[in-house]
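Student: Generate coordinates for the sequence data below:
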Amino acid sequence: MPTCSDGLTAAFLASACGGKLLFEGTVPVTSVVIDSRKVTEGALFVAIAGEHTDGHRFVTAAAEHGAAAVLVERPDLPLEDLISHNCSVILCDHTVSAFGKIAAAYKARCSAMTVAVTGSVGKTTTRQFIYAVLSAVLPTHKTDGNLNNELGVPLTLLALSPAHRAAVLELGMSAKGEISYLTSLVRPDIAVITNIGTAHIEYLGSREGIRDAKMEIAEGLKPGGTLILNGDEPLLADIPHAVYVALHHRSADYRAVNLRYTAEGMYFDAICPDAVLTDLRIPTLGEHTVLDAMYAVAVGCIAGLSEADIRRGLASFEGVGMRQNLREANGCLYVLDYYNASAESIEASLTVTKRLAAQRNGRTIAVLGSVLELGEHSDALHRRIGAFAKQCGIDRLYTFGEEASLIAEEAIRLGLPAESVACFPDIRDAKPLAEAILRDRRPQDCYLLKASHSIRMERIADLLLADSSDH
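Tutor: Residues are numbered from 1 along each chain as shown. The predicted model follows:
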């Protein structure tokens, strides 16, 4: 639970958000929650009127469970009940925006060097690499899970403590203006844009629109702050005063070269403005993860960390969630990567899976589900995935979901044998797909399972791994 270790007074909270203090209790706020079920002694409960429920219904229960204060936007509340529990009451026009103002005011009191990360693909992995490098030296705070939106970012900011000397925050978005708002709360010293892909193109219309939305992160940079961009992305080229990180663009400020796949992960050398760091190791696979790690190298250098600190931090990286988890079962290797998906991330994962299969002398099996939130671009991008799957030389293709059937159609059109392809458009039941995979399974096969998170590919993985005597 977010904690405000030095305590916040109700007067400070009301002043920060421009609210009216209807009653001032005597207990300082030491934590913040937006779920009344998580209220403990000293909590500020932010009552949010959501799609499914209204937090204002639970303010009395929050006070009964020890809330020090409640932030509300409705004046018609049982004020006497709240006062009887010594619970401060702050009335505002809109609790979500007031919550953001409180988080921004609290953040302004903190001295931690702050890095904000956004991008279409890889922002969570990049966040984890930057955290790994900075935390090798500094007490570092970071975004937990997927708390990267208008509610998650304030929660993360309010979890900062005076002991933290660095913070790494992930900023997510699906529409124009969202990053602009979040970066105004965070006010980063360093801002990173990992890439410009096709995620959320349904709402932003084009990759140029996505680029413009991501570039909003620079609006919140502190004076003298640093903007770090992908030097291999033409849409991000020639931004004044930006620092560029790349795998291929030779004039980038930070560039990875000599990439090697090993059983321990990736090894590479980093060409930096003032040094060359050789034989850096990361415990992940794929060129795309090297680029993610290079952002951490750049942040580490800008923050003044030593080569030894950067090297140690990269090696200590820990992934999160459902991203690129490798599992062995019945002699086969499964690459489970279904936290989210885009055309770009699927292509990167296919490349990694193909390499792993080659090392094992096994077949490359792609199990790909639909990619959502693509709007009018959905057909073209699913066909693009199918073309890449054929091009990279997969041996078998299974698709899951109606949209994903176009992946199969395009792969077959470009020459993948129809008998090597199977489509399962109905995502309500994963069992037929899992059974088809198991009937054709051979030792040494390497499987990639990837789709948008809401397709719930983990159902397939559970069935495949449950069949394993190794599980």
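Student: how about the top helix by length along the chain: buried residues?
Tutor: The residue-count maximum for a helix in the chain (DSSP state H) belongs to helix 343-360. Neighbour counts over helix 343-360 (16 or more other Cβ atoms under 10 Å) mark 343-357, 360 as buried. C-betas here are computed from N, CA, C, even on glycine.
Student: and which of those residues is nearest to Ile90?
Tutor: Ser345 (41.9 Å; Cβ to Cβ).
Student: Identify the residues contacting the closest one.
Tutor: Val121, Gly122, Gly197, His288, Asp337, Lys450 (Cβ atoms under 8 Å, 6 or more residues apart in numbering).
Student: Could you check how far the residue most central in space within the chain is from Val168?
Tutor: The chain has Thr124 as the residue nearest its centroid, 3.4 Å off, counting by Cα atoms, centre = their mean. For Thr124, the distance to Val168 equals 11 Å [Cβ to Cβ, to the nearest Å].
Student: next one: Arg355
Tutor: Arg355 is 29 Å from Val168, by Cβ to Cβ.
Student: same deal with Gly319?
Tutor: Using Cβ to Cβ, Gly319 is found at 15 Å from Val168.
Student: Between the two, tell me which one has more neighbours.
Tutor: Between Gly319 and Val168, Val168 has the larger neighbour count (other Cβ atoms under 10 Å), namely 30 against 16.
Student: pretty sure the more buried one is in contact with Leu134, am I right?
Tutor: Yes: counting by Cβ atoms under 8 Å, Val168 touches Leu134, with 6.7 Å between them.
Student: Can you pull the residues that touch both of the two?
Tutor: Val115, Thr140.
Student: thought Asn446 was touching Asn361?
Tutor: Actually, residue 446 is Cys. It isn't Asn. No: proximity of Cys446 to Asn361 does not meet the contact threshold set by Cβ under 8 Å, at 10.1 Å.
Student: backbone phi and psi for Ala422, please?
Tutor: phi -140, psi 130 (degrees, to the nearest 10).
Student: all strands of the stretch 201-350 of the chain, in order?
Tutor: Remark: strands assigned in the stretch 201-350 of the chain by DSSP state E, counting those that start in this stretch are 226-230, 243-246, 254-262, 265-271, 276-282, 325-329, 332-336.
Student: tell me the average confidence for the shortest one?
Tutor: Mean pLDDT, computed over strand 243-246, is 98.
Student: which helices and strands does it pack with?
Tutor: strand 226-230, strand 254-262, helix 287-302 (3 or more Cβ pairs under 8 Å, 6 or more residues apart in numbering; DSSP states H and E).
Student: Kindly recompute the last result at 7 Å.
Tutor: strand 226-230, helix 287-302 (3 or more Cβ pairs under 7 Å, 6 or more residues apart in numbering; DSSP states H and E).
Student: picking that back up, now do the longest helix of the chain: distance to the chain's middle.
Tutor: A distance of 21 Å separates the centroid of the chain from that of helix 343-360, by Cα atoms, centre = their mean, to the nearest Å.
Student: before we move on, the earlier item: nearest to Asp462 among the helices and strands packed on strand 243-246 would be which one?
Tutor: So among the helices and strands packed on strand 243-246, helix 287-302 is nearest, using Cβ to Cβ, at 25.4 Å.
Student: residues making contact with the closest one?
Tutor: 115, 122, 125-126, 129-130, 132-133, 190, 192, 194, 226, 228, 243, 245, 247, 254, 256, 259, 266, 268, 270, 272, 277, 282, 309-310, 313-314, 348 (Cβ atoms under 7 Å, 6 or more residues apart in numbering).
Student: List the buried residues of it.
Tutor: 287-302.
Student: and if you look at stretch 101-115?
Tutor: Buried positions in stretch 101-115, judged by neighbour count with 16+ other Cβ under 10 Å: Lys101, Ile102, Ala103, Ala104, Ala105, Tyr106, Lys107, Cys110, Ala112, Met113, Thr114, Val115.
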